[in-house]
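Asks: Kindly return the folded structure for what I paste below:
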Amino acid sequence: MNPSKDIRTVVRERYAQAAKGGSLCCGPSCCGPDVNQIAQQIGYRAEDLALLPEGANLGLGCGNPLEHAALQPGETLLDLGSGAGVDCLLAAHAVGPKGRVIGVDMTPAMIEKARANAQSAGLANVEFRLGEIEHLPAADNSVDVVISNCVINLSPDKGQVFREALRVLKPGGRMLVSDLVLRRPLSERLKNSVEAYVGCVAGALLKEDYLQAAREAGFAGVEVLEERTYDIEIESVSADLREEALASVVSIKVRGTKPAR
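Replies: You can find the predicted model right below:
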């Protein structure tokens with residue numbers, strides 16, 4: 001990747017386009033006729049998707065991090081890279097009116113869209129904050145659950161993301177993440193592709209490196225709950241790079257806990 005490019009700026013610009021209705025391929029959903037159908041294929045239930053306002057699901061996830069979260073009424077959840085708010089809106093229903101949901105995203109257009117979706121859904125227990133996931137706008141030991149969906153791979157400092165997730169969790173709190181990782185190293189051509197970075201490939205870590213980054217941040221019991229192949233599609237790259245991406249990337253769901261005091 002061109003070192004002169006600020007990857008955060010590139011990602012912010014591309015996701016702003018997606019928030020405003022432009023295309024962004026970070027999986028097959030941008031290319032399919034029904035994003036809800038594809039959402040069900042990666043772990044969402046039809047009855048949950050029915051709770052979302054029309055147009056809230058942009059198809060940018062690679063799994064359902066809430067599937068194994070076991071959310072309880074009254075809990076507080078924080079979503080790293082909340083986008084248009086799909087997972088936050090579903091979590092808000094699960095934690096109930098006495099619970100609280102916080103979404104953090106660095107793209108103003110996504111924050112605006114997420115707030116509009118929450119208003120449309122009539123949910124008063126969810127809020128969206130502008131910020132980077134490497135520097136979360138949240139207090140220490142303030143949330144019960146941290147989730148993220150196909151976002152940490154986009155961060156240039158994944159260790160810092162995990163350290164921040166640990167910081168905001170209460171002792172004994174849990175992290176549930178859906179993300180894309182590599183099962184083999186990428187070629188230099190693919191690693192240096194901006195399109196592949198925004199498409200959630202070039203910035204991904206090898207699976208074991210990803211898990212080790214969470215452990216080194218201080219998470220205990222880090223484990224892969226699910227792993228599956230992922231039919232990723234990247235715009236504006238050659239056919240051979242697309243083929244390499246398909247052979248290299250897998251989707252995983254990871255759980256870890258913050259040690260209790």
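
Asks: What is whichever strand or helix holds Arg129 packed up against?
Replies: Element membership for Arg129 (DSSP states H and E) is strand 126-130. Applying 3 or more Cβ pairs under 8 Å, 6 or more residues apart in numbering; DSSP states H and E, one finds that strand 126-130 contacts helix 86-95, strand 100-105, helix 108-121. In short, each C-beta sits where N, CA and C put it, glycine included.

Asks: Which of those sits closest to Ile232?
Replies: Between Ile232 and the helices and strands packed on strand 126-130, the tightest spacing by Cβ to Cβ is seen for helix 86-95, at 18.8 Å.

Asks: How about residues contacting the closest one?
Replies: With contacts defined as Cβ atoms under 8 Å, 6 or more residues apart in numbering, helix 86-95 is touched by 48, 51-53, 56-58, 61, 64-66, 69, 71-77, 79, 82, 99, 101-103, 114, 117-118, 121, 123, 125-126, 128, 145, 147, 149.

Asks: can you pull the buried residues of it?
Replies: Judged by neighbour count (16 or more other Cβ atoms under 10 Å), helix 86-95 contains these buried residues: 86-95.

Asks: Stretch 218-230 too?
Replies: Buried residues in stretch 218-230 (16+ other Cβ under 10 Å): 219, 222, 230.

Asks: Just the ones of those residues in helices?
Replies: Residues of the buried residues of stretch 218-230 located in helices (DSSP state H): none.

Asks: Which single one of those residues is nearest to Glu208?
Replies: Looking across these and measuring by Cβ to Cβ, the closest to Glu208 is Val222, at 10.8 Å.

Asks: Any stretches of the stretch 1-150 of the chain with poor pLDDT?
Replies: For the stretch 1-150 of the chain, residues meeting the criterion pLDDT under 70 lie at 1-5, 22-33.

Asks: what about the strands in it?
Replies: For the stretch 1-150 of the chain, the strands defined by DSSP state E, counting those that start in this stretch cover 76-80, 100-105, 126-130, 143-149.

Asks: Need the contact partners of the second one.
Replies: The one in question is strand 100-105. Strand 100-105 is touched from outside by 75-83, 85, 88, 91-92, 95, 111, 114, 125-131, 133, 136-138, 143, with contacts defined as Cβ under 8 Å, 6+ apart.

Asks: just the third one next, same as before
Replies: By Cβ under 8 Å, 6+ apart, the surrounding residues in contact with strand 126-130 are 82, 85, 88-89, 91-92, 100-106, 108, 111, 114-115, 118, 137-138.

Asks: Which strands border it, and is each parallel or antiparallel?
Replies: Paired with strand 126-130 in the same sheet, following DSSP bridges, are strand 100-105 (parallel).
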